[in-house]
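[1] the following block contains a protein sequence and its predicted model.
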Amino acid sequence: MLTFLAFWFLSSASHADIQSSEVLVGGLTYHLIAASDQFQYKLSDDGRLIANGLAGYRRVWTEHVEGGEAYEAMTVFGGYNSIAQPMGGLAWSTGLVDQGTRIGFLFGGYVQDNRKFTERGIGIIFPDSAFGLMPLVGIEVTNKLPHGLLINTELTPLLINLSIGFCF
């Protein structure tokens, strides 16, 4: 049901002037709070920077507002978390567009098996839940590059995630 609602929202929204689609892949994740020797695919000696497989589809709506341009976006994503276990979720972002760069607030969440974290001794919210909902709140910055390429950065209180994308 959740997948149907997400798809319906992503394919509708006629209130905007311009609609576009984006495919995101990546990414690099830097953990701000805690480093763990249990994280997978570590790229730094302290274990905070990791490479993790993520992919997502984003639908973006932009409209002209007084003094510039605003956007809303809905993203469906999935892949692997910091310990290389499956996860998936939804995110909504809204903000302003300035010379091709979108800057806005990001809200959403993803599900994962939280028991896998506690089995490895990693502290987490709702540690005994097989269906753990993890909140996602932060700032999103998306830079448009030539040829439809994008660099997407998500900054949250716990981590920074960097991914690349393609706009069509």
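    The structure has been received and is ready for your questions. Keep in mind that what you see is a predicted model, and the values were worked out from it rather than measured.
[2] gap between stretch 57-66 and the chain center?
    17 Å (Cα atoms, centre = their mean, to the nearest Å).
[3] sorry, that was for stretch 74-86
    With Cα atoms, centre = their mean, you get 9 Å for stretch 74-86.
[4] mind checking the end-to-end distance for that stretch?
    End-to-end distance of stretch 74-86 (Cα to Cα, to the nearest Å): 21 Å.
[5] skipping adjacent residues, who's closest to Arg88 in space?
    Residue 88: Gly, not Arg. Nearest residue to Gly88 in three dimensions, chain neighbours excluded: Gly78, at 3.7 Å (Cβ to Cβ, 6 or more residues apart in numbering). Glycine gets a C-beta too; all of them are placed from N, C-alpha and C.
[6] contacting residues for the one you found?
    Leu54, Ala55, Gly56, Pro86, Met87, Gly88, Gly89 (Cβ atoms under 8 Å, 6 or more residues apart in numbering).
[7] hmm, Thr75 and the second one touching each other?
    No. Ala55 is beyond contact range of Thr75, at 10.7 Å (criterion: Cβ atoms under 8 Å).
[8] where do the contact lists of the two overlap?
    Common neighbours of Ala55 and Thr75 (Cβ under 8 Å, 6+ apart) are Leu24.
[9] which of these two has more residues huddled nearby?
    The residue with more neighbours, out of Ala55 and Thr75, is Thr75; 24 against 15, by other Cβ atoms under 10 Å.
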